[in-house]
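> Just a sequence and a predicted model for now, questions to come.
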Amino acid sequence: MADEADPIFTTTCRIRLALPRRRFSSRTWLAALILLCLVVSSHQQSEAKEPDPALLRQLGDHDFRRRVEAERELLGLGIRGLDIIEAGARSSDPEIRQRSLRLLGQLRRAAFLHQRDQVRANPWIVPEEMAPGWELFHSFAGDHPEARDLYVRMVGEESELFQALALNPDRCSIELERRCADLRTFGDRRSNREVNPLTVLSLLLLANHPENKLNPFTVQTLTSLLVEGSFYQFVQSASDGEASVCRGLLSAWIEQSGTVPAPNRLDLAIRYELPAGVVPAREIIANRRAAGASRNQLQNAIRFLAVFEPKDSLQELDHLVIAPELELPPLVRGPLIFEPPAPQPPIPAYEQFSSDLALLALIQITGQDPKLYRFAVQKLDLDRRFNSGAPIFPSEKDRARAVRMWKEWKAQHPSYFLPASDDASEGQAG
């Protein structure tokens, strides 16, 4: 039987008693980690000797072999070397700091792999460092058995990324950029193999961190990974619980304004059929006058609103419809001459295009036949896009007639434009 005075026995008992009641401090957790996860023989061999403070300086030695030897000795010291490792993690010497942080990361990974069943059972009662990033994950994914299992698999696949959250949250974005740079640099070496979907999910989680500022290369890398076939199939074939987590993370990414271009986010929403795409769709519509704006993107944005927010988008789509001048104002008559009115400025092409798109969407939302409005026939493909070009009219007269028909229909059906919660709409004639 273990001697009750033995420090290992005493520390282990204290940790077990504390476990159900609270999260551990970083220091206590590391002690538990070393007691539970390091190789027993290595610990026993080092138990008789005290740690040598010179090992800290040796981590930054000019000789590579001496640096590696110092790492090995510190890892073998177990709990006795914890003070040195923690001091090294705060060192101003980059070499010492990097190697010390790597040692702490190795210990945390060992602890996580050893205790992952406990994390899966209840991540709230384990030390915070043993469930790195759980609270961030929970904010997007919720807490249910399938979410916990997916989280454990993600940490197991990308432990270094998650350890960055525990070791130094301020460096989280740096680690994310480093990982994306690795995938970008060595992408050509992957041949036909695609990145593990768990890696993509891990990157997506960290990219959604509210304090992370992503550079364009990281955004580009992640955007390409999210449309890869393997990740798409992973999401499509996932169980309901896991698919919900994936869709939640994807929706958070799609709703981010200012980080990822709106057209890319809308394409992602179309691919995964996520209602969150209404955010970039509205951005595209609002910026339709910007230089370089794409008609195809505008077309998809308006149609996306019509499909995923038909009731709530009626008013804003109606505002896009331009009513052409159907009648000329009377001539201004002077005493001697007849002066025609100043010519009306032509409607900009992009505004006329937006008007036609919005009118077609309104007609389809309200269940009318576009042919009655003399539109060219428009159909949708499986990706919720128009597949037969832009809506057209045989003539300007037909366009004016279509707008007039819409205005008359709108006047005859006011209930369509009442708020959804307005009880006054009940019972009104359609």
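Arrived safely. Since the structure is predicted, the reported quantities are computational estimates derived from the model, not experimental observations. Numbers count the residues shown, from 1 in each chain.

> Leu183 - how many residues pack around it?
Under the neighbour criterion other CB atoms under 10 Å, Leu183 is assigned a count of 17. The C-beta positions use only the backbone N, C-alpha and C, and glycine is treated the same way.

> For the helix or strand where it lies, name the packing helices and strands.
Leu183 is part of helix 172-185, with elements assigned from DSSP states H and E. For helix 172-185, the elements it packs on are helix 159-167, helix 197-207, helix 216-226, judged by 3 or more CB pairs under 8 Å, 6 or more residues apart in numbering; DSSP states H and E.

> Work out the gap between the last one and the centre of the chain.
In terms of CA atoms, centre = their mean, to the nearest Å, the gap separating the centre of helix 216-226 from the centre of its chain is 11 Å.

> Run through the neighbouring helices and strands of the helix or strand following that helix.
Scanning forward in sequence from helix 216-226 by DSSP H and E, the next helix or strand is helix 229-237. The criterion is 3+ CB pairs under 8 Å, 6+ apart, and the helices and strands that helix 229-237 contacts are helix 197-207, helix 240-254, helix 262-272.

> residue contacts, the residue lying closest to Ala358 once chain neighbours are set aside?
Counting by CB to CB, 6 or more residues apart in numbering, Ala358 lies nearest to Leu320, which is 3.7 Å off, once chain neighbours are set aside. By CB atoms under 8 Å, 6 or more residues apart in numbering, the contact set of Leu320 is 285, 302, 354-355, 357-358.

> thinking again about what came up before, kindly reformat the helices and strands packed on helix 229-237 as a markdown table containing mean pLDDT, distance to Ser395 and mean neighbour count.
Listed next are the helices and strands packed on helix 229-237 as a markdown table, based on pLDDT from 0 to 100; distance: least, CB to CB, whole Å; neighbours: other CB atoms under 10 Å:
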| stretch | mean pLDDT | distance to Ser395 | mean neighbour count |
| --- | --- | --- | --- |
| helix 197-207 | 93 | 49 | 23 |
| helix 240-254 | 95 | 40 | 19 |
| helix 262-272 | 94 | 32 | 21 |
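
> so which of the ones you listed comes closest to Gly142?
helix 240-254 (7.7 Å; CB to CB).

> what residues does that closest one touch?
With contact meaning CB under 8 Å, 6+ apart, helix 240-254 is reached by 140-142, 144-147, 150, 201, 204-205, 207-208, 226, 234-236, 238, 260, 265-266, 268-269, 272, 274-277, 279-280.

> quick revisit: of the helices and strands packed on helix 229-237, which approaches Lys311 most closely?
Scanning the helices and strands packed on helix 229-237 with CB to CB as the criterion, the closest one proves to be helix 262-272, at 18.6 Å.

> In the next helix-or-strand element following the closest one, which residues are buried?
Remark: after helix 262-272, the chain's next helix or strand is helix 278-286, criterion DSSP H and E. Within helix 278-286, the residues that count as buried by 16 or more other CB atoms under 10 Å are 278-285.

> Of the contacts of Leu320, which pair is most distant in space?
In these, two members sit farther apart than any others by CB to CB. They are Ile285 and Ser355, at 12.0 Å.

> In contact with Met405: list those residues for me.
Going by CB under 8 Å, 6+ apart, Met405 touches 372-373.

> Look up which helix or strand it falls in, please.
Residue-wise, Met405 maps onto helix 396-412 under DSSP H and E.

> any idea how far that helix is from the chain center?
Its chain's C-alpha centre lies 42 Å from the corresponding centre of helix 396-412 when counted by CA atoms, centre = their mean.

> can you check stretch 145-153 too?
In terms of CA atoms, centre = their mean, the centre of stretch 145-153 is set 18 Å apart from its chain centre.

> okay, that stretch in CSV with CA atoms only?
These are the backbone C-alpha positions of stretch 145-153, laid out as CSV (Å, rounded to 0.1, in the frame of the first residue of the first chain):
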residue,chain,number,x,y,z
PRO,A,145,-23.3,14.1,-26.3
GLU,A,146,-22.6,14.4,-30.1
ALA,A,147,-21.1,17.9,-29.7
ARG,A,148,-18.8,16.6,-26.9
ASP,A,149,-17.7,13.7,-28.9
LEU,A,150,-16.9,15.9,-31.9
TYR,A,151,-15.0,18.3,-29.7
VAL,A,152,-12.8,15.5,-28.3
ARG,A,153,-12.0,14.2,-31.8
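
> Tell me which residues of that stretch come out buried.
For stretch 145-153, the neighbour count (16+ other CB under 10 Å) marks 146-153 as buried.

> I'd like those laid out as a markdown table, including secondary structure, pLDDT and distance to Arg72.
Below are those laid out as a markdown table (DSSP: H, G, I helix; E, B strand; the rest coil; pLDDT from 0 to 100; distance: CB to CB, whole Å):
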| residue | secondary structure | pLDDT | distance to Arg72 |
| --- | --- | --- | --- |
| Glu146 | helix | 94 | 40 |
| Ala147 | helix | 94 | 38 |
| Arg148 | helix | 94 | 35 |
| Asp149 | helix | 94 | 35 |
| Leu150 | helix | 95 | 35 |
| Tyr151 | helix | 94 | 32 |
| Val152 | helix | 92 | 29 |
| Arg153 | helix | 93 | 30 |
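
> of these, closest to Glu175?
Closest to Glu175, out of all of the buried residues of stretch 145-153 and judged by CB to CB, is Tyr151, at 17.8 Å.

> residues in contact with that closest one?
Contact criterion CB under 8 Å, 6+ apart gives 119, 123, 134, 137, 141 as the residues in contact with Tyr151.

> distance of it from Val119?
Tyr151 sits at a distance of 8 Å from Val119 (criterion: CB to CB, to the nearest Å).

> who are the neighbours in contact with Leu165?
Listed by CB under 8 Å, 6+ apart, the contact partners of Leu165 are 132-133, 136, 172, 206.

> Closest to Ala166 out of those residues?
When the contacts of Leu165 are compared for distance to Ala166 (CB to CB), Pro132 wins out at 3.9 Å.

> Once you drop chain neighbours, what's closest to Leu198?
Leu198's closest residue in space is Glu157 (CB to CB, 6+ apart), at 4.1 Å.

> try Leu305
Nearest-residue entry for Leu305: Ser313, 4.1 Å, with adjacent residues in sequence omitted and distances by CB to CB, 6+ apart.

> so Ala323 sits in a helix?
No. According to DSSP: H, G, I helix; E, B strand; the rest coil, Ala323 belongs to no helix; its state is coil.

> Return the set of buried residues in the helix holding Leu183.
Using 16+ other CB under 10 Å, the residues of helix 172-185 that count as buried are 172-173, 175-177, 179-180, 183.
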